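Trainee: sequence and predicted model, in that order:
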Amino acid sequence: MVAKPSKTEPEETEGPTPFSGMGIPFLWPYYFFMGEQTVDAIKQNIKVLDELQKTRHRSLKWTTENRVTLDLRTHLLREFKPARTGRTRTLIVPPYSGNSSVIVDLNEERSVVKVLSSNGVKGLCSVDWKSATPDMKDLDIDNYLADLNVTVDDLGGHVNLVGFSQGGWLSAMFASRFPEKVKSLVLCGAPIDTHAGSGTIRTYASRFPMSYFETLVASGGGVLEGEYMIGAMRTARPGEHYMDKYLQLYEHIEDKKFLKDFEILEKWFTHTIDLPGRWYLQAVKEIFRENRFYRGLFVGLGKRLALDDIACPTYLLAGEWDDVTPKEQVLHAADRIGTRKSDIVQEVAPSGHLGLLTSQAVLNTYWPRIARWLRRSSG
């Protein structure tokens, strides 16, 4: 949600890279080794630059074998394992905030899909969000709810929903609009009460007038370019994105596991997708600035959506250090949803926002619990 960064890469570069916005990125190692360079230091610098170069080849693939069974305007449906006839399917709804949906299945060690599947969740599927093309610029939240409804119907009309971040509030909206179609609901890092806490998105949404966000959309010809989302994250945490992670890379350049994780996360972070301008502006205004969904004022598919219409078992997972979606924004859902209190689970993991999906500690501790809970809740 910041001004679009200038591109300093050569013409042949594919989109933004980890170097974007750093000024003179290829010189950064030398800031820490001023004066006479030893041969070992020079070799170390070259290794770091070689590693960063790898992240520029940003092809992303889903780790778990799957097949695309539905191709809608807003998303693909990926099915990982077939379920027995009559079994309730579990549908993952990834974040839709400027990056690829593959974040839920990055690699063998960092995959929510793998954890759920290996802990007995059968019939697992995932939405795979499409990047908005110019002809999608006028799609709004109703269009995304409608396509999600088609997907659920295609899966038998009755599912468990597992929603992350923006995919979480969309899942909660769906469960409110079609309560009979949701067997159980998992909301992970999902901004439900967007006026609670002091998260990054809330800060940006309230700091600038709507005309600012409208200008961002207009500059992209009616879509919000994914580069803006990267710019917002970097501006919100300049130390982390412009210094800390590169220092860590330098310190761990001989650590093969660290390099593997660094590469896959950087590729994901810089592999952006665009958002429909109308959807984005509606989310900024109605969800984050006015908090309409939490207040019961948001209208979805012709009906006012109320959290108390959600009656299914619900699992709320928040991050203790999440400054994108503070834990209060997630946990306050328990105060409004219609589910019996005994059927609501609330947990806070020692994690930031992205760590809820990628931290091995969270994946190894919390997601097996969620898998067991899903099995019990869905019978």
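Mentor: Done, it's in. Numbering: from 1, shown residues only.
Trainee: how many neighbouring residues does the residue nearest to residue 199 when sequence neighbours are not counted have?
Mentor: Using CB to CB, 6 or more residues apart in numbering and skipping residues adjacent in sequence, the residue nearest residue 199 is residue 326, 4.7 Å away. For glycine as for every other residue, the C-beta is placed from the backbone atoms N, C-alpha and C. Neighbour count for residue 326, taken as other CB atoms under 10 Å: 26.
Trainee: give me the pLDDT value at residue 326.
Mentor: Listed pLDDT for residue 326 reads 95.
Trainee: how far away is it from residue 122?
Mentor: Residue 326 sits 34 Å away from residue 122, going by CB to CB, to the nearest Å.
Trainee: ok, the residue nearest to residue 199 - contacts?
Mentor: Residue 326 sits next to 196, 197, 198, 199, 318 when contact means CB atoms under 8 Å, 6 or more residues apart in numbering.
Trainee: what separation is there between it and residue 288?
Mentor: 13 Å.
Trainee: tell me the one among the contacts of residue 326 nearest to residue 158.
Mentor: residue 318 (26.9 Å; CB to CB).
Trainee: surely that closest one is within a strand?
Mentor: Yes. Under DSSP: H, G, I helix; E, B strand; the rest coil, residue 318 sits within a strand.
Trainee: which stretches in the stretch 151-300 of the chain count as strands?
Mentor: For the stretch 151-300 of the chain, strands defined by DSSP state E, counting those that start in this stretch occupy the ranges 159-164, 182-188, 223-224, 275-276, 299-300.
Trainee: out of these, which gets nearest to residue 338?
Mentor: That would be strand 182-188 among the strands of the stretch 151-300 of the chain, by CB to CB, at 11.5 Å.
Trainee: for that closest one, name the packing helices and strands.
Mentor: strand 159-164, helix 165-177, strand 314-319, helix 360-378 (3 or more CB pairs under 8 Å, 6 or more residues apart in numbering; DSSP states H and E).
Trainee: name the member of the contacts of residue 326 with the most neighbours.
Mentor: residue 318 (26 neighbours).
Trainee: contacts only, for that one.
Mentor: Contacts of residue 318 by CB under 8 Å, 6+ apart are 189, 325, 326, 327, 329, 330, 331, 346, 347, 348, 349, 356.
Trainee: any idea how far residue 324 is from it?
Mentor: With CB to CB as the criterion, residue 318 and residue 324 are 11 Å apart.
Trainee: one more: residue 107?
Mentor: For residue 107, the distance to residue 324 - CB to CB - is 22 Å.
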